[in-house]
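1. task: produce atomic coordinates for the following.
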Amino acid sequence: MSIKNVLIVEDDSRIAGILLKTIEKMTTFSVIAITETAVEAIDVIDCFSPDLIFLDVSLLDSSGLDVLQHIKQSIDQPAACVVMLTAAKDPQIIQTSIASGVFDYILKPISFNRLTQTLQRYLDYCARLDSKLTFEQKDVDLLLGAKISSEQCITNKSDHPKGIDSLTLDKILAVIKKDPLIFFTADVMSDTVGTSRTTARRYLEYLLSINSVRAEIEYGTVGRPERRYVCK
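-> Numbers count the residues shown, from 1 in each chain. Next up, the predicted model:
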């Protein structure tokens, strides 16, 4: 496989350094530039056509969403794969990014394991594109990062415990299944489906108890640790 050129667009030098060290541990990647602004990022993208871009949402001069829009509107070259990076948990930003076709979306603080998983999935993505002349549904699912099957994220409605309503559970499952690679906190889920934070957490914990989702602890810079949930 050819070396994949990577652009890091991140105005926090500490995070940019972590990304650089992690990415360059894998010999199949080469970081061609680190930029702090949208203007610099667009210049690098137009001149060097990177294969993979790690793009912060909040930049010094603009929003990373503006850079993403530029990439998607480019007609001179194939669009690069973009991994969005943000500490913001705004459902609107997540929705806009996913609708724009990002390859992945990683919330800060960045988990080393999560970042490594993204890099490996990108390499698998490239290998499948290089090796396949035609595709079956399973190949397309893998390219899109789908990690669920028709038997996953499904519960037996007749066995729900007290306090778990089927309609609300279906709404939460629909959100999780639509974005199987996105981690959701109780706050984000409550905003997305229109429930209270306490209710969202109860349903997410129920899904965790029946092994339909997995959870990891997010350690922020302030406040208590918080669980993030993702479909298994």
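2. next, the buried residues of the longest helix belonging to the chain.
-> What stands out as the longest helix in the chain, according to DSSP state H, is helix 112-131. Of the residues in helix 112-131, 114, 115, 118, 119, 121, 122, 123, 125, 126 count as buried by neighbour count, 16 or more other CB atoms under 10 Å. C-beta here means a position set from N, CA and C on the backbone, and glycine is covered the same way.
3. pretty sure residue 32 contacts residue 9?
-> No: counting by CB atoms under 8 Å, residue 32 stays clear of residue 9, with 11.8 Å between them.
4. between the two, which is the more surrounded one?
-> residue 9 (28 against 15; other CB atoms under 10 Å).
5. distance check, the more buried one against residue 41.
-> Residue 9 sits 4 Å away from residue 41, going by CB to CB, to the nearest Å.
6. intersection of neighbour lists for the two?
-> By CB atoms under 8 Å, 6 or more residues apart in numbering, residue 9 and residue 41 have these common neighbours: 35, 53, 55, 59, 67.
7. least trustworthy helix or strand in the protein by mean pLDDT?
-> Between all helices and strands in the chain, the lowest mean by mean pLDDT, DSSP states H and E belongs to helix 137-143, at a mean of 69.
8. what number of residues lie near residue 28?
-> Neighbour count for residue 28, taken as other CB under 10 Å: 13.
9. which of the residues in stretch 101-115 are buried?
-> Buried, per 16+ other CB under 10 Å, within stretch 101-115: 102, 103, 104, 105, 106, 107, 108, 110, 111, 114, 115.
10. and of those residues, the nearest to residue 94?
-> Using CB to CB, residue 105 comes nearest to residue 94 of the buried residues of stretch 101-115, at 6.3 Å.
11. please name the bridge partners of the closest one.
-> residue 84 (DSSP bridges).
12. find me the pLDDT at it, would you?
-> Looking at residue 105, its pLDDT is 91.
13. element containing residue 227?
-> Assessed by DSSP states H and E, residue 227 sits inside strand 226-231.
14. that strand: which residues count as buried?
-> Result for strand 226-231 [16+ other CB under 10 Å]: buried residues 227, 228, 229, 230, 231.
15. for it, name the packing helices and strands.
-> In terms of contacts (3 or more CB pairs under 8 Å, 6 or more residues apart in numbering; DSSP states H and E), strand 226-231 is packed against helix 166-178, helix 186-193, helix 197-209, strand 213-218.
16. distance from it to the middle of the chain?
-> Taking CA atoms, centre = their mean, to the nearest Å, one finds the center of strand 226-231 at 13 Å from the center of the full chain.
17. what's in contact with it?
-> 107, 147-148, 152-153, 176-177, 180-186, 189, 201, 204, 207-208, 212-218, 220.
18. hang on, the earlier thing: and of the buried residues of stretch 101-115, the nearest to residue 85?
-> Ranked by distance to residue 85 (CB to CB), the buried residues of stretch 101-115 are led by residue 106 at 5.5 Å.
19. circling back to that earlier point, for residue 24, state which of the buried residues of helix 112-131 is nearest.
-> residue 119 (10.7 Å).
20. and that closest one, how far from residue 195?
-> From residue 119 to residue 195 the distance is 35 Å (CB to CB).
21. which among the helices and strands packed on strand 226-231 is found nearest to residue 13?
-> When these are compared (using CB to CB), the closest one is strand 213-218, at 22.0 Å.
22. please name the strands paired to the closest one in the sheet, noting orientation.
-> Sheet pairing for strand 213-218, using DSSP bridges, gives strand 226-231 (antiparallel).
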